[in-house]
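*Asks:* Fold the following and give me the result.
(one chain, ligands or ions: 2)
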Amino acid sequence: MEKITNSVCNVVIDKSYRNFNEALSIFHNKINYNINDIYDEILIISDQNVYNNVVDELVESIKAKFIYEYIVMPGENSKCLDVYEQIMNYCVKINLSRKSVIIAVGGGVVGDLAGYIASTYMRGIDVIQVPTSLLAQVDSSIGGKTGINLGKVKNIIGSFYQPKLTYINVDALKSLPQNEFISGMAEVIKYSIIYDYEFLDYLIENSEAILNRDNECLYYIVKKCASIKVEVVEKDEKEGGLRKILNFGHTFGHGVEKLCNISHGDAVNIGMNMAFKLALDEKLILNDYYEKFIKVSNLFNLPLNFKSDTNDYYEDFDNDSFKECSLDKDEDILINEILNIMKSDKKNSFGKINLVLPVKLGEVKIIDNIEEEKILHIIRKCKNA
Ligand SMILES: O=C(O)C(=O)C[C@@H](O)[C@H](O)[C@H](O)COP(=O)(O)O
Ligand SMILES: [Zn+2]
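*Replies:* Ligands and ions are numbered 1, 2, ... in the order given. From the prediction side, this is the model:
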(Lines give C-alpha, C1' and ligand atoms only; values in the text may rest on other atoms or scores of the structure.)
(Ligands and ions follow the chains in the order given, each with its own letter.)
Protein backbone atom coordinates (compact mmCIF):
# COMPACT_ATOMS: atom_id res chain seq x y z
CA MET A 1 0.00 0.00 0.00
CA GLU A 2 1.44 3.35 -1.05
CA LYS A 3 0.33 6.75 0.17
CA ILE A 4 0.54 9.86 -2.03
CA THR A 5 -0.67 12.80 -0.06
CA ASN A 6 -0.36 16.57 0.31
CA SER A 7 -2.44 19.45 1.66
CA VAL A 8 -5.18 18.90 -0.94
CA CYS A 9 -5.20 15.25 -2.08
CA ASN A 10 -5.17 11.89 -0.29
CA VAL A 11 -4.44 8.95 -2.54
CA VAL A 12 -3.67 5.35 -1.62
CA ILE A 13 -2.46 2.86 -4.22
CA ASP A 14 -2.96 -0.78 -3.35
CA LYS A 15 -3.12 -4.20 -4.97
CA SER A 16 -6.49 -5.33 -3.60
CA TYR A 17 -9.49 -3.94 -1.72
CA ARG A 18 -8.50 -5.63 1.52
CA ASN A 19 -6.92 -2.59 3.15
CA PHE A 20 -9.73 -0.11 2.47
CA ASN A 21 -10.44 0.57 6.14
CA GLU A 22 -6.79 0.82 6.97
CA ALA A 23 -6.32 3.33 4.16
CA LEU A 24 -9.26 5.38 5.40
CA SER A 25 -8.04 5.33 8.98
CA ILE A 26 -4.76 6.95 7.94
CA PHE A 27 -6.66 10.07 6.93
CA HIS A 28 -8.93 10.08 9.96
CA ASN A 29 -5.93 9.70 12.28
CA LYS A 30 -7.41 6.61 13.89
CA ILE A 31 -6.05 3.18 14.71
CA ASN A 32 -8.21 0.06 14.38
CA TYR A 33 -10.64 2.13 12.46
CA ASN A 34 -14.27 1.19 12.29
CA ILE A 35 -16.17 2.90 9.50
CA ASN A 36 -19.44 2.59 11.44
CA ASP A 37 -18.12 5.02 14.09
CA ILE A 38 -17.50 7.70 11.52
CA TYR A 39 -20.36 7.35 9.04
CA ASP A 40 -23.99 6.57 9.81
CA GLU A 41 -24.76 5.37 6.26
CA ILE A 42 -22.81 4.53 3.17
CA LEU A 43 -24.11 4.92 -0.37
CA ILE A 44 -22.14 3.18 -3.07
CA ILE A 45 -22.69 4.60 -6.55
CA SER A 46 -21.50 2.36 -9.34
CA ASP A 47 -22.44 1.16 -12.82
CA GLN A 48 -23.72 -2.20 -13.94
CA ASN A 49 -20.42 -3.36 -15.50
CA VAL A 50 -18.33 -2.50 -12.49
CA TYR A 51 -20.92 -3.73 -10.04
CA ASN A 52 -20.64 -7.30 -11.25
CA ASN A 53 -16.84 -7.35 -11.00
CA VAL A 54 -15.90 -5.27 -8.02
CA VAL A 55 -18.61 -4.13 -5.64
CA ASP A 56 -19.10 -7.40 -3.70
CA GLU A 57 -15.42 -7.63 -2.90
CA LEU A 58 -15.30 -4.03 -1.76
CA VAL A 59 -18.48 -4.22 0.33
CA GLU A 60 -17.08 -7.26 2.09
CA SER A 61 -13.92 -5.46 3.05
CA ILE A 62 -15.73 -2.30 4.25
CA LYS A 63 -17.80 -4.18 6.82
CA ALA A 64 -20.36 -1.40 7.15
CA LYS A 65 -23.69 -1.72 8.97
CA PHE A 66 -25.79 0.49 6.75
CA ILE A 67 -24.81 0.25 3.17
CA TYR A 68 -26.93 1.16 0.14
CA GLU A 69 -26.19 0.84 -3.55
CA TYR A 70 -27.29 2.89 -6.54
CA ILE A 71 -26.35 1.43 -9.91
CA VAL A 72 -26.44 3.60 -13.03
CA MET A 73 -26.25 2.59 -16.70
CA PRO A 74 -22.66 2.43 -17.94
CA GLY A 75 -21.65 5.27 -20.28
CA GLU A 76 -21.44 9.01 -20.61
CA ASN A 77 -25.23 9.42 -20.91
CA SER A 78 -25.53 8.83 -17.17
CA LYS A 79 -23.69 12.10 -16.52
CA CYS A 80 -26.86 14.14 -16.92
CA LEU A 81 -29.40 16.10 -14.91
CA ASP A 82 -32.02 13.34 -15.04
CA VAL A 83 -29.77 10.75 -13.41
CA TYR A 84 -28.52 13.39 -10.97
CA GLU A 85 -32.12 14.05 -9.90
CA GLN A 86 -32.93 10.35 -9.58
CA ILE A 87 -29.95 9.76 -7.30
CA MET A 88 -30.72 12.85 -5.24
CA ASN A 89 -34.25 11.51 -4.69
CA TYR A 90 -32.76 8.21 -3.63
CA CYS A 91 -30.44 9.97 -1.13
CA VAL A 92 -33.47 11.67 0.42
CA LYS A 93 -35.42 8.39 0.47
CA ILE A 94 -32.70 6.50 2.36
CA ASN A 95 -32.15 9.43 4.72
CA LEU A 96 -28.54 10.06 3.88
CA SER A 97 -27.25 12.61 6.41
CA ARG A 98 -24.31 14.95 6.76
CA LYS A 99 -22.57 12.11 8.60
CA SER A 100 -23.00 9.77 5.63
CA VAL A 101 -20.50 9.06 2.88
CA ILE A 102 -20.84 8.37 -0.83
CA ILE A 103 -18.37 5.91 -2.30
CA ALA A 104 -17.96 6.15 -6.08
CA VAL A 105 -16.88 2.80 -7.48
CA GLY A 106 -16.20 2.89 -11.19
CA GLY A 107 -14.73 4.85 -14.04
CA GLY A 108 -14.75 8.56 -14.86
CA VAL A 109 -18.49 8.83 -15.40
CA VAL A 110 -19.40 7.34 -12.02
CA GLY A 111 -16.70 9.35 -10.24
CA ASP A 112 -17.69 12.70 -11.76
CA LEU A 113 -21.40 12.10 -11.17
CA ALA A 114 -21.08 10.74 -7.62
CA GLY A 115 -18.62 13.51 -6.73
CA TYR A 116 -21.09 16.13 -7.88
CA ILE A 117 -23.94 14.52 -5.93
CA ALA A 118 -21.77 14.45 -2.79
CA SER A 119 -20.73 18.07 -3.27
CA THR A 120 -24.32 19.30 -3.53
CA TYR A 121 -26.35 16.97 -1.29
CA MET A 122 -27.06 18.90 1.93
CA ARG A 123 -24.40 21.38 0.71
CA GLY A 124 -21.75 18.69 0.74
CA ILE A 125 -21.12 15.31 2.34
CA ASP A 126 -17.98 13.17 2.26
CA VAL A 127 -17.07 11.28 -0.88
CA ILE A 128 -14.52 8.53 -1.42
CA GLN A 129 -13.37 7.66 -4.90
CA VAL A 130 -12.64 4.02 -5.72
CA PRO A 131 -11.61 4.21 -9.38
CA THR A 132 -11.68 1.00 -11.40
CA SER A 133 -10.74 2.13 -14.92
CA LEU A 134 -7.25 3.21 -15.97
CA LEU A 135 -8.53 6.66 -16.88
CA ALA A 136 -10.12 7.12 -13.47
CA GLN A 137 -7.11 5.72 -11.57
CA VAL A 138 -4.58 7.99 -13.24
CA ASP A 139 -6.72 11.06 -13.60
CA SER A 140 -10.40 11.72 -12.95
CA SER A 141 -10.65 10.30 -9.41
CA ILE A 142 -7.89 12.61 -8.16
CA GLY A 143 -8.08 16.37 -7.78
CA GLY A 144 -11.74 16.97 -7.05
CA LYS A 145 -13.22 17.89 -10.43
CA THR A 146 -16.84 16.75 -10.35
CA GLY A 147 -19.52 17.35 -12.92
CA ILE A 148 -22.27 16.43 -15.32
CA ASN A 149 -22.97 17.36 -18.93
CA LEU A 150 -25.66 19.64 -20.27
CA GLY A 151 -26.66 18.56 -23.76
CA LYS A 152 -23.49 18.49 -25.80
CA VAL A 153 -21.43 20.55 -23.40
CA LYS A 154 -19.15 18.37 -21.27
CA ASN A 155 -18.87 18.94 -17.50
CA ILE A 156 -20.47 22.37 -17.72
CA ILE A 157 -22.26 21.85 -14.39
CA GLY A 158 -19.92 20.90 -11.58
CA SER A 159 -17.70 21.80 -8.67
CA PHE A 160 -14.23 21.44 -7.27
CA TYR A 161 -14.80 19.10 -4.35
CA GLN A 162 -11.99 17.01 -2.96
CA PRO A 163 -12.65 13.36 -2.10
CA LYS A 164 -11.69 12.39 1.45
CA LEU A 165 -9.72 9.58 -0.11
CA THR A 166 -8.97 8.13 -3.52
CA TYR A 167 -8.41 4.40 -3.00
CA ILE A 168 -6.85 2.74 -6.03
CA ASN A 169 -6.66 -1.01 -6.46
CA VAL A 170 -4.34 -1.45 -9.42
CA ASP A 171 -5.34 -5.08 -9.69
CA ALA A 172 -8.82 -3.99 -10.84
CA LEU A 173 -7.23 -2.96 -14.15
CA LYS A 174 -6.72 -6.64 -14.98
CA SER A 175 -10.41 -7.16 -15.70
CA LEU A 176 -10.93 -4.14 -17.94
CA PRO A 177 -11.91 -4.68 -21.59
CA GLN A 178 -8.87 -3.97 -23.78
CA ASN A 179 -10.45 -1.00 -25.61
CA GLU A 180 -11.22 0.69 -22.30
CA PHE A 181 -7.71 0.08 -21.03
CA ILE A 182 -6.19 1.49 -24.23
CA SER A 183 -8.42 4.52 -24.12
CA GLY A 184 -7.10 5.27 -20.61
CA MET A 185 -3.56 5.18 -21.99
CA ALA A 186 -4.26 8.50 -23.74
CA GLU A 187 -4.42 10.24 -20.35
CA VAL A 188 -1.24 8.40 -19.30
CA ILE A 189 0.58 9.68 -22.42
CA LYS A 190 -0.79 13.14 -21.62
CA TYR A 191 1.21 13.24 -18.38
CA SER A 192 4.46 12.54 -20.20
CA ILE A 193 3.88 15.40 -22.66
CA ILE A 194 2.83 17.94 -20.04
CA TYR A 195 5.28 17.10 -17.24
CA ASP A 196 7.76 14.29 -17.67
CA TYR A 197 9.47 13.63 -20.98
CA GLU A 198 11.43 10.63 -19.64
CA PHE A 199 8.12 9.00 -18.87
CA LEU A 200 7.34 9.12 -22.61
CA ASP A 201 10.45 7.00 -23.25
CA TYR A 202 9.34 4.60 -20.53
CA LEU A 203 5.95 4.20 -22.22
CA ILE A 204 7.54 3.56 -25.59
CA GLU A 205 10.09 1.08 -24.23
CA ASN A 206 7.54 -0.82 -22.15
CA SER A 207 4.52 -0.65 -24.43
CA GLU A 208 4.27 -4.42 -24.85
CA ALA A 209 4.43 -5.15 -21.13
CA ILE A 210 1.93 -2.38 -20.41
CA LEU A 211 -0.48 -3.75 -23.00
CA ASN A 212 -0.07 -7.18 -21.40
CA ARG A 213 -0.90 -5.47 -18.08
CA ASP A 214 2.28 -6.48 -16.38
CA ASN A 215 1.81 -5.87 -12.61
CA GLU A 216 4.94 -3.82 -12.13
CA CYS A 217 4.27 -1.62 -15.15
CA LEU A 218 0.69 -0.96 -14.09
CA TYR A 219 1.77 -0.01 -10.59
CA TYR A 220 4.51 2.22 -11.97
CA ILE A 221 2.32 4.13 -14.41
CA VAL A 222 -0.54 4.63 -11.95
CA LYS A 223 1.89 5.87 -9.30
CA LYS A 224 3.69 8.17 -11.73
CA CYS A 225 0.49 9.78 -13.06
CA ALA A 226 -1.14 10.06 -9.62
CA SER A 227 2.01 11.73 -8.26
CA ILE A 228 2.07 14.29 -11.06
CA LYS A 229 -1.63 14.97 -10.64
CA VAL A 230 -1.50 15.56 -6.87
CA GLU A 231 1.50 17.85 -7.32
CA VAL A 232 -0.26 19.99 -9.96
CA VAL A 233 -3.55 20.08 -8.05
CA GLU A 234 -1.88 21.16 -4.81
CA LYS A 235 -0.29 24.10 -6.63
CA ASP A 236 -3.49 25.21 -8.35
CA GLU A 237 -6.60 23.46 -7.03
CA LYS A 238 -9.19 25.62 -8.82
CA GLU A 239 -7.53 25.76 -12.24
CA GLY A 240 -6.55 29.42 -12.13
CA GLY A 241 -3.40 28.71 -14.14
CA LEU A 242 -1.07 25.70 -13.89
CA ARG A 243 -3.84 23.11 -13.59
CA LYS A 244 -4.94 23.97 -17.13
CA ILE A 245 -2.05 21.82 -18.37
CA LEU A 246 -4.02 18.73 -17.27
CA ASN A 247 -6.49 19.72 -19.93
CA PHE A 248 -3.96 19.16 -22.74
CA GLY A 249 -5.83 17.54 -25.65
CA HIS A 250 -9.21 18.25 -24.08
CA THR A 251 -10.17 21.53 -25.77
CA PHE A 252 -10.18 19.94 -29.22
CA GLY A 253 -11.03 16.56 -27.68
CA HIS A 254 -14.30 17.53 -26.01
CA GLY A 255 -15.73 18.70 -29.34
CA VAL A 256 -14.81 15.46 -31.08
CA GLU A 257 -15.98 13.37 -28.11
CA LYS A 258 -19.41 14.90 -28.10
CA LEU A 259 -20.07 14.99 -31.83
CA CYS A 260 -18.52 11.71 -32.89
CA ASN A 261 -19.62 9.45 -30.07
CA ILE A 262 -16.20 8.19 -29.11
CA SER A 263 -14.65 7.48 -25.72
CA HIS A 264 -13.05 10.25 -23.66
CA GLY A 265 -9.56 8.77 -23.98
CA ASP A 266 -9.78 8.31 -27.76
CA ALA A 267 -11.03 11.88 -28.09
CA VAL A 268 -8.20 13.19 -25.88
CA ASN A 269 -5.65 11.42 -28.09
CA ILE A 270 -7.16 12.97 -31.22
CA GLY A 271 -7.20 16.31 -29.36
CA MET A 272 -3.51 15.92 -28.46
CA ASN A 273 -2.74 15.16 -32.11
CA MET A 274 -4.52 18.37 -33.11
CA ALA A 275 -2.59 20.34 -30.49
CA PHE A 276 0.70 18.86 -31.76
CA LYS A 277 -0.17 19.73 -35.37
CA LEU A 278 -1.02 23.28 -34.39
CA ALA A 279 2.22 23.57 -32.38
CA LEU A 280 4.12 22.40 -35.47
CA ASP A 281 2.35 24.94 -37.70
CA GLU A 282 3.19 27.64 -35.14
CA LYS A 283 6.81 26.42 -35.08
CA LEU A 284 6.67 25.81 -31.33
CA ILE A 285 8.13 22.31 -31.61
CA LEU A 286 10.23 20.27 -34.04
CA ASN A 287 8.89 17.48 -36.19
CA ASP A 288 10.91 14.80 -34.32
CA TYR A 289 8.89 15.44 -31.20
CA TYR A 290 5.64 15.13 -33.12
CA GLU A 291 6.89 11.87 -34.69
CA LYS A 292 7.46 10.52 -31.20
CA PHE A 293 3.90 11.32 -30.24
CA ILE A 294 2.68 9.51 -33.36
CA LYS A 295 4.90 6.55 -32.46
CA VAL A 296 3.55 6.20 -28.93
CA SER A 297 -0.04 6.61 -30.17
CA ASN A 298 0.49 3.85 -32.73
CA LEU A 299 2.13 1.55 -30.20
CA PHE A 300 -0.98 1.82 -28.05
CA ASN A 301 -3.32 1.72 -31.00
CA LEU A 302 -4.81 5.09 -30.16
CA PRO A 303 -6.61 7.12 -32.85
CA LEU A 304 -5.11 10.30 -34.30
CA ASN A 305 -7.99 11.38 -36.51
CA PHE A 306 -11.75 11.38 -36.16
CA LYS A 307 -14.50 10.05 -38.35
CA SER A 308 -17.90 11.61 -38.23
CA ASP A 309 -21.05 9.60 -38.13
CA THR A 310 -23.15 12.19 -39.92
CA ASN A 311 -26.43 10.40 -39.22
CA ASP A 312 -25.91 10.60 -35.48
CA TYR A 313 -24.85 14.14 -35.81
CA TYR A 314 -27.84 15.35 -37.80
CA GLU A 315 -30.36 13.76 -35.47
CA ASP A 316 -29.67 16.69 -33.18
CA PHE A 317 -30.66 19.31 -35.71
CA ASP A 318 -34.29 20.30 -36.28
CA ASN A 319 -33.66 21.89 -39.63
CA ASP A 320 -34.21 19.29 -42.38
CA SER A 321 -32.23 21.34 -44.85
CA PHE A 322 -29.01 20.24 -43.13
CA LYS A 323 -29.65 16.74 -44.37
CA GLU A 324 -29.66 17.92 -47.96
CA CYS A 325 -26.25 19.54 -47.79
CA SER A 326 -23.46 18.34 -50.05
CA LEU A 327 -20.75 16.29 -48.34
CA ASP A 328 -18.38 19.27 -48.23
CA LYS A 329 -21.01 21.41 -46.60
CA ASP A 330 -21.89 18.65 -44.13
CA GLU A 331 -18.28 18.47 -43.12
CA ASP A 332 -18.00 22.20 -42.73
CA ILE A 333 -21.01 22.24 -40.43
CA LEU A 334 -19.46 19.50 -38.29
CA ILE A 335 -16.08 21.22 -38.16
CA ASN A 336 -17.66 24.53 -37.18
CA GLU A 337 -19.69 22.77 -34.51
CA ILE A 338 -16.47 21.35 -33.01
CA LEU A 339 -15.13 24.90 -32.92
CA ASN A 340 -18.34 26.08 -31.20
CA ILE A 341 -17.94 23.45 -28.50
CA MET A 342 -14.33 24.57 -28.06
CA LYS A 343 -15.60 28.10 -27.50
CA SER A 344 -17.65 26.96 -24.51
CA ASP A 345 -14.58 25.40 -22.84
CA LYS A 346 -14.18 26.38 -19.20
CA LYS A 347 -10.57 27.48 -19.66
CA ASN A 348 -11.63 30.35 -21.93
CA SER A 349 -12.22 33.94 -20.88
CA PHE A 350 -12.60 37.34 -22.53
CA GLY A 351 -13.83 35.59 -25.67
CA LYS A 352 -10.47 33.88 -26.32
CA ILE A 353 -9.98 30.16 -26.80
CA ASN A 354 -7.25 28.91 -24.43
CA LEU A 355 -5.27 26.10 -26.01
CA VAL A 356 -2.69 23.97 -24.25
CA LEU A 357 0.11 23.41 -26.74
CA PRO A 358 3.44 21.54 -26.51
CA VAL A 359 6.35 23.98 -26.53
CA LYS A 360 9.30 21.86 -25.35
CA LEU A 361 9.95 18.19 -24.61
CA GLY A 362 7.65 17.36 -21.69
CA GLU A 363 6.38 20.92 -21.40
CA VAL A 364 3.21 22.68 -22.53
CA LYS A 365 1.98 26.27 -22.43
CA ILE A 366 -1.44 27.95 -22.48
CA ILE A 367 -1.80 29.99 -25.66
CA ASP A 368 -4.83 32.19 -26.27
CA ASN A 369 -4.09 34.09 -29.46
CA ILE A 370 -4.53 31.49 -32.20
CA GLU A 371 -6.90 32.68 -34.94
CA GLU A 372 -10.08 30.68 -35.48
CA GLU A 373 -9.18 29.98 -39.12
CA LYS A 374 -6.01 28.16 -38.00
CA ILE A 375 -8.00 26.08 -35.51
CA LEU A 376 -10.55 25.17 -38.19
CA HIS A 377 -7.72 24.21 -40.52
CA ILE A 378 -6.30 21.79 -37.94
CA ILE A 379 -9.71 20.21 -37.26
CA ARG A 380 -10.17 19.73 -41.02
CA LYS A 381 -6.73 18.08 -41.32
CA CYS A 382 -7.61 15.56 -38.62
CA LYS A 383 -10.86 14.42 -40.15
CA ASN A 384 -10.64 11.06 -41.85
CA ALA A 385 -12.04 11.04 -45.35
O1 LIG B 1 -8.20 17.31 -13.47
C2 LIG B 1 -8.10 18.12 -14.37
O3 LIG B 1 -7.88 19.32 -14.15
C4 LIG B 1 -8.28 17.72 -15.78
O5 LIG B 1 -8.40 18.58 -16.64
C6 LIG B 1 -8.27 16.27 -16.09
C7 LIG B 1 -9.01 15.88 -17.36
O8 LIG B 1 -8.36 14.74 -17.85
C9 LIG B 1 -10.45 15.50 -17.09
O10 LIG B 1 -10.99 14.91 -18.24
C11 LIG B 1 -11.33 16.62 -16.69
O12 LIG B 1 -12.51 16.13 -16.12
C13 LIG B 1 -11.75 17.54 -17.77
O14 LIG B 1 -12.23 18.64 -17.13
P15 LIG B 1 -12.88 19.88 -17.82
O16 LIG B 1 -12.60 20.95 -16.85
O17 LIG B 1 -12.23 20.11 -19.14
O18 LIG B 1 -14.31 19.57 -17.96
ZN1 LIG C 1 -9.58 13.73 -19.34
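
*Asks:* what residues does this structure put near ligand 1?
*Replies:* The chain comes close to ligand 1 at residues 139-140, 143, 145, 154-155, 187, 239, 243, 246-247, 250, 346, as judged by C-beta under 6 Å from any ligand atom. Just so you know, the C-beta spots here come from the backbone N, C-alpha and C atoms, and that holds for glycine as well.

*Asks:* Just the residues contacting stretch 270-290, thanks.
*Replies:* Applying C-beta atoms under 8 Å, 6 or more residues apart in numbering, the external contacts of stretch 270-290 come out as 186, 189-190, 193, 248-254, 256, 262, 293-294, 297, 303-306, 355-361, 365, 367, 370, 374-375, 377-379, 381-382.

*Asks:* Between all of the residues of the chain next to ligand 1, which two are separated the most?
*Replies:* Maximum pairwise distance in the residues of the chain next to ligand 1, criterion C-beta to C-beta, is 17.8 Å, between 187 and 346.

*Asks:* hmm, back to that, of the contacts of stretch 270-290, buried ones?
*Replies:* 186, 189-190, 193, 248-254, 256, 262, 293, 297, 303-304, 306, 355-358, 361, 367, 370, 375, 378-379, 382 (16 or more other C-beta atoms under 10 Å).

*Asks:* Tell me which of the residues you listed fall in helices.
*Replies:* The members of those that map onto helices under DSSP state H are 186, 189-190, 193, 250-254, 256, 293, 297, 375, 378-379.

*Asks:* picking that back up, just name the lowest-scoring one in the residues of the chain next to ligand 1, pLDDT-wise.
*Replies:* pLDDT is lowest at residue 154 among the residues of the chain next to ligand 1; the value there is 87.

*Asks:* Could you count how many residues lie near that residue?
*Replies:* By other C-beta atoms under 10 Å, the residues close to residue 154 number 25.

*Asks:* hmm, who's touching the host helix or strand of it?
*Replies:* According to DSSP states H and E, residue 154 maps onto strand 153-160. The contact list for strand 153-160 (C-beta under 8 Å, 6+ apart) reads 79, 81, 112, 115-116, 119-120, 144-150, 237-239, 254, 257-258, 341, 344, 346.

*Asks:* So among those, which ones count as buried?
*Replies:* Here, 16+ other C-beta under 10 Å leaves 79, 112, 115-116, 119-120, 144-149, 237, 239, 254, 257-258, 341, 346 buried among the contacts of strand 153-160.

*Asks:* picking that back up, tell me the one among the ones in helices among the buried ones among the contacts of stretch 270-290 nearest to ligand 1.
*Replies:* Nearest to ligand 1 among those is residue 250, at 4.8 Å by C-beta to the nearest ligand atom.

*Asks:* I'd say that closest one and residue 265 touch.
*Replies:* No - contact criterion C-beta atoms under 8 Å: residue 250 and residue 265 do not qualify, at 11.0 Å.

*Asks:* Number of residues surrounding whatever residue of the stretch 151-300 of the chain ends up closest to ligand 1?
*Replies:* The minimum distance from the stretch 151-300 of the chain to ligand 1, using C-beta to the nearest ligand atom, falls at residue 155 (3.3 Å). Neighbourhood size, residue 155 [other C-beta under 10 Å]: 18.

*Asks:* how close does it get to residue 55?
*Replies:* 25 Å (C-beta to C-beta, to the nearest Å).

*Asks:* for residue 194, same thing?
*Replies:* As judged by C-beta to C-beta, residue 194 and residue 55 stand 33 Å apart.

*Asks:* Direction included, what does the next helix or strand after the strand holding residue 154 pair against?
*Replies:* Sequence order places strand 165-169 as the next helix or strand after strand 153-160, per DSSP H and E. Sheet pairing here is set by DSSP bridges, and for strand 165-169 it gives strand 10-14 (parallel), strand 126-131 (parallel).

*Asks:* Tabulate those strands (TSV), appending mean neighbour count.
*Replies:* Below are the strands paired with strand 165-169 laid out as TSV (neighbours: other C-beta atoms under 10 Å):
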stretch	mean neighbour count
strand 10-14	22
strand 126-131	27
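
*Asks:* Compile those into TSV and extend it with columns for mean pLDDT.
*Replies:* Listed next are the strands paired with strand 165-169 as TSV, based on pLDDT from 0 to 100:
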stretch	mean pLDDT
strand 10-14	97
strand 126-131	98
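
*Asks:* Indicate which one of those is closest to residue 51.
*Replies:* Closest among those, once you apply C-beta to C-beta, is strand 126-131, at 12.2 Å.

*Asks:* and residue 86, how many residues sit next to it?
*Replies:* By other C-beta under 10 Å, the residues close to residue 86 number 12.

*Asks:* And it, which helix or strand is it part of?
*Replies:* Applying DSSP H and E, one finds residue 86 within helix 81-93.

*Asks:* can you give me the offset of that helix from its chain's centre?
*Replies:* 23 Å (C-alpha atoms, centre = their mean, to the nearest Å).

*Asks:* how much does it deviate in direction from strand 153-160?
*Replies:* On the basis of axes from the mean of the first three to the mean of the last three C-alpha atoms, to 10 degrees, helix 81-93 is oriented at 30 degrees to strand 153-160.

*Asks:* In the sheet, which strands lie alongside the next helix or strand after helix 81-93, parallel or antiparallel?
*Replies:* Sequence order places strand 101-106 as the next helix or strand after helix 81-93, per DSSP H and E. Using DSSP bridges, the strands paired with strand 101-106 in its sheet are strand 42-47 (parallel), strand 126-131 (parallel).
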